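Structure, please.
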Amino acid sequence: LRAYQQFTEVAQKEGLEPTEASRLLAERMRSEKQRSVVNLKRRAIDWGMAPFPEHFYGRSSELKMLKSWIGEQQCRVVALVGIGGIGKTSLAVVVANQMKDTFECVFWRSLQHAPPLHHLLQEAIAFFSDQQHTALPQAIHDQVALLIASLRAHRCLLILDNVETVLQEGTATGSYRVGYEGYGTLFQLIGEAKHRSCLLLTSREKPKELSRLEGSHAPIRTLQLSGVGVREGQALLKDKDLVGSDEAWEMLSQLYAGNPLALKLVAEPIREVFNANIAALGRYSCFRIEERGS
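A predicted model of the protein is given here:
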């Protein structure tokens, strides 16, 4: 192609025009060159069952921090931790969607039904390797090593939602259920290995490996999510047509600690029982909502 360009430059100086056949050949060569450049980086996204929120309010500071960790600082593991209903999944979806174009591959999976690790690895490795690795070695350590090889070959974003389902419930130690200890190996090796990809996970509890690896200057970070502010809560319930003073909205936010799911759940009883009057709710402790969801 370069030789043809040099030839046409000389021909134009001599007042000669290239033939139609040579022009068509040059266009074909140029097209093939562009196609080969595009194929150097494949773009692939598998959102799995990721729940995209219709509306998303607030969390601007959290989004900014996550984008810095995942993008500028290229952290290997980022964990969103918080109680059920606090908005971990919604925030993960939003940040992943906003950053998808900075990755070659994006792969989302929910662990809500506690899938065995080898099932998850088989899907992830096949996806990241463009179906080149579908038969996996027997040992979990070797399977994770194969995954990390893909994370090194491409800049990938792996999102695992609801990680708490593979942890022992009620222990607060970040330990794993029997038969799910391999997830600890996965998190540890992805955190320790050198690569440009990122594992983003959500959990009510922090896996114990992250406590040892994380730090303010380490490539492993944890963001502990708290509730949304009063204004964000109002925006969240805008279509519920609730009425109340600033003090009433403040009371509602404090009563449910700014938990987005709890606010959504209590909005309907306020409408039906109290004629949409927020202030009337404060007199009844029975409307406190226990932790649920994620």
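
Then residue 49 would be within a strand, right?
No - the assignment for residue 49 is coil, going by DSSP: H, G, I helix; E, B strand; the rest coil, so no strand is present there.

I figured it was touching residue 110, is that so?
Yes - using Cβ atoms under 8 Å, residue 49 is in contact with residue 110, at 5.6 Å. To be clear about C-beta, it is placed using only N, CA and C from the backbone, and glycine gets the same treatment.

Comparing these two, which shows the higher neighbour count?
The residue with more neighbours, out of residue 49 and residue 110, is residue 110; 19 against 9, by other Cβ atoms under 10 Å.

Tell me if I'm right that that one and residue 164 touch.
No - counting by Cβ under 8 Å, residue 110 does not reach residue 164; the two are 11.5 Å apart.

and residue 130, which of the three is it?
coil.

Retrieve the pLDDT associated with it.
Here the pLDDT value assigned to residue 130 is 87.

can you tell me how far it sits from residue 146?
According to Cβ to Cβ, to the nearest Å, residue 130 stands 14 Å off from residue 146.

Out of the two, name the residue with the larger neighbour count.
The neighbour comparison of residue 130 against residue 146 (other Cβ under 10 Å) goes to residue 146, with 17 against 12.

Phi, psi for that one please.
The phi/psi pair for residue 146 (degrees, to the nearest 10) reads phi -70, psi -40.

List the contacts of the closest residue to it other than its chain neighbours.
In this structure, residue 146 finds its nearest non-sequential neighbour in residue 125, 5.5 Å apart by Cβ to Cβ, 6 or more residues apart in numbering. Counting by Cβ atoms under 8 Å, 6 or more residues apart in numbering, residue 125 makes contact with 133, 136, 143, 146, 147, 150.

tell me the secondary structure for residue 160?
strand.

okay but it is in contact with residue 109, surely?
Yes - using Cβ under 8 Å, residue 160 makes contact with residue 109 at a distance of 5.9 Å.

which neighbours do those two share?
residue 120.

May I ask which helix or strand of the chain has the lowest mean pLDDT?
Within the chain, no helix or strand scores below helix 20-39, which has a mean of 48 by mean pLDDT, DSSP states H and E.

Next SSE downstream of that one?
Downstream of helix 20-39, the first helix or strand assigned by DSSP states H and E is strand 44-46.
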